[in-house]
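**Q** pasting the sequence and the predicted coordinates here, then a few questions.
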Amino acid sequence: MSAEDQPGDAEHRNPKSENRNWIWFFVAVAVLSAAAISINWAYNARQQLTMEQLQTNEDLWDKAGPADYDLSVDKTIQSANADEPFRDRIEVKVRKKRVVAASLNGLPMQRRLWDDNDMPGWFGFVERFLKIDEAPGAAPTFRTAQFDPRTGQLLHFTRSVSTTRERQELVLQLKPAAN
């Protein structure tokens, strides 16, 4: 009789020494889950708009931005309370770095609002939200922006507040004016 055929061996086996490969499966799942969360967090953190990035691009705009341009801004606000997002289209004509005409959804805009809607005005809009978002006790937010590398022009801005599920988005299109 061979050693493996001896009667009573099954009774002497320790149940704790049975196959434990299933444990390694769950360890691998836990490690991969932690890695996925970490990679996602790191990626999102690098995309987060900072005051320094905004200031750098605003300074570039002051130096390299055109004095004469037509600006179209599509502004979308999605609130958790609303079924449909709120949308505005703003059109602005700037000549010699001064707003000469502006409209909101095709209707003339009040003159007192013109200066808030040129490119420096939109930099100010984003800066106000950055200050709100970076204040102590502020709700967690995610902010991204894209800028033109040559002129510093704000091209796209997105801000999401996780606690209120509010989302704001700006898409800016600039066309230099013919002199």
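**A** Everything's here; your move.
**Q** so who does Thr76 touch?
**A** By C-beta atoms under 8 Å, 6 or more residues apart in numbering, Thr76 lies in contact with 85-87, 167-169. C-betas here are computed from N, CA, C, even on glycine.
**Q** Arg167 versus Thr158, what's the distance?
**A** Distance, Thr158 to Arg167, using C-beta to C-beta, to the nearest Å: 7 Å.
**Q** in strands only, show me the contacts of Thr76.
**A** Using DSSP state E, the members of these that fall in strands are 86-87, 167-169.
**Q** check contacts around Lys75.
**A** 87-90, 168-170.
**Q** now the residues you listed in CSV, with neighbour count and pLDDT?
**A** Listed next are these as CSV, based on neighbours: other C-beta atoms under 10 Å; pLDDT from 0 to 100:
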residue, neighbour count, pLDDT
Arg87, 12, 96
Asp88, 12, 97
Arg89, 12, 98
Ile90, 20, 98
Gln168, 20, 94
Glu169, 17, 96
Leu170, 20, 96
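**Q** and the two most separated of those residues?
**A** Arg89 and Gln168 (15.0 Å; C-beta to C-beta).
**Q** since we're on the nearest residue to Gln173 once chain neighbours are set aside, how many residues are nearby?
**A** For Gln173, the nearest residue in space outside its immediate sequence neighbours is Ser72; the separation is 4.6 Å by C-beta to C-beta, 6 or more residues apart in numbering. Ser72 has 13 neighbouring residues, counting by other C-beta atoms under 10 Å.
**Q** SS state for Ser72?
**A** strand (DSSP: H, G, I helix; E, B strand; the rest coil).
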